[in-house]
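[1] sequence and predicted model, in that order:
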Amino acid sequence: MKVTLVQMNSIGDKAVNLANAKALIERAVSQEKPDWICLPEVFDFIGGSRAEKMAAAEELPGGPAYEMCSALAREHKVFIHAGSILEKIPGEERLHNTSVAFNRDGKEVARYRKIHMFDITAPDGAKYHESAAFKPGDEVVTYDCEGVTIGCAICYDLRFSYLFQALAEKGADIVALPAAFTLVTGKDHWEVLCRARAIEMQAYLCAPAQTGAHKAGHETRFTYGNSLIADPWGHVVAKASDGPGLVSSYVDIDRIRKVRAMIPVSQHRVKLAV
């Protein structure tokens, strides 16, 4: 199974973002011929005011980002894991940060809403309060990709190992982690956390990311990029260069089995009383 991650520099212009995502997906299909493509977090819209986020959001199913990914999956006969999309919640003033996966027929096969909200003050003093605009989800989600089980997580979820343990218990062979990791935290924590989760789960970790500068009101914020694929032994087998682009690798299901047989952590796990 071949996988391709799409690295983007999304902005506060949905039409431009969708055009860029489409061009990168079509380039991936032409050049890489993958079975599965994954976009980064909030590929459809990043930055902007609360009102602009609401205006850019979609009711799912439907909406331009959803329909574009479904149509491209159907046209090119490829699985597309649509990073995350701003999802409207009827009757709510907050949104969901939502991954949607489509099979080769363009049919939705999974929907995951980000569970952990990024409410921090970063080392550079920048304040992030994701829960002010986004409502967390509460479901652990996996889906079947022609015999391979894919687990869903988004960005800040990476820091919460119990979610990945829950995905492992549901049989995940690959975890899709679309992200918009900040530059200041990413340079120290991104790769080591991705590798740690892959090692803990004995699974592939596929993490497509936003990169570069993004306007957020009067501020300019920076995401780390470095989209990567880590194998079940924790080796980074592919990593993106700077700027928008693609990174691909083959997922070796036999390697997953060999690593799990070599160190059978699932058999050794002990449930502790808290």
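    That came in fine, so what should we check first?

[2] which ones are touching residue 138?
    Contacts for residue 138 were tallied using CB atoms under 8 Å, 6 or more residues apart in numbering; they are 113, 115. The way it works is simple: take the backbone N, C-alpha and C, and place the C-beta from them, glycine included.

[3] same thing with the one 10 residues further on?
    For residue 148, the contacting residues are 1, 173, 174, 251, 253, by CB under 8 Å, 6+ apart.

[4] cool, residue 167 as well?
    140, 142, 151, 152, 153, 175, 201.

[5] among the residues you listed, which one has the most neighbours?
    Counting neighbours by other CB atoms under 10 Å, residue 152 leads those with 30 neighbours.

[6] would you mind measuring from residue 115 to residue 17?
    24 Å (CB to CB, to the nearest Å).

[7] how about residue 167?
    28 Å.

[8] surely residue 6 is in contact with residue 22?
    No. The pair residue 6 / residue 22 is not scored as a contact, 10.4 Å apart, by CB atoms under 8 Å.

[9] tell me which of the two has more neighbours.
    Under the neighbour definition other CB under 10 Å, residue 6 and residue 22 were set side by side, and residue 6 has more, 28 against 14.

[10] helix/strand/coil for the more buried one?
    For residue 6, the secondary structure call by DSSP: H, G, I helix; E, B strand; the rest coil comes out as strand.

[11] tell me who's in contact with it.
    21, 24-25, 28, 37-40, 43, 83, 208, 227, 246.

[12] which of the residues you listed has the most neighbours?
    In terms of neighbour count, residue 83 stands highest of the contacts of residue 6 at 34 neighbours, by other CB under 10 Å.

[13] could you check how far it is from residue 116?
    Distance from residue 83 to residue 116, by CB to CB: 17 Å.

[14] ok, the contacts of residue 6 vs residue 196, which is closest?
    Residue 196 has its nearest neighbour among these in residue 227, at 17.2 Å by CB to CB.

[15] show me what contacts the closest one?
    Residue 227 neighbours (CB under 8 Å, 6+ apart): 5, 6, 7, 40, 207, 208, 209, 211, 239, 240, 247.

[16] rebuild those as a markdown table, extending it with pLDDT, distance to residue 56 and secondary structure.
    Shown next, in a markdown table, are the contacts of residue 227 (pLDDT from 0 to 100; distance: CB to CB, whole Å; DSSP: H, G, I helix; E, B strand; the rest coil):
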| residue | pLDDT | distance to residue 56 | secondary structure |
| --- | --- | --- | --- |
| 5 | 98 | 23 | strand |
| 6 | 98 | 19 | strand |
| 7 | 98 | 21 | strand |
| 40 | 98 | 16 | coil |
| 207 | 98 | 24 | strand |
| 208 | 98 | 20 | coil |
| 209 | 98 | 20 | strand |
| 211 | 98 | 20 | strand |
| 239 | 98 | 30 | strand |
| 240 | 97 | 25 | coil |
| 247 | 98 | 27 | strand |
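
[17] and which of the residues you listed is nearest residue 102?
    Residue 102 lies nearest to residue 6 out of these, by CB to CB, at 14.2 Å.

[18] helices or strands next to the helix or strand containing residue 184 in the packing?
    Per DSSP states H and E, residue 184 falls inside helix 183-201. Identification of packing neighbours for helix 183-201 by 3 or more CB pairs under 8 Å, 6 or more residues apart in numbering; DSSP states H and E yields helix 161-169, strand 174-176, strand 204-207, strand 219-224, strand 228-230, strand 236-239.
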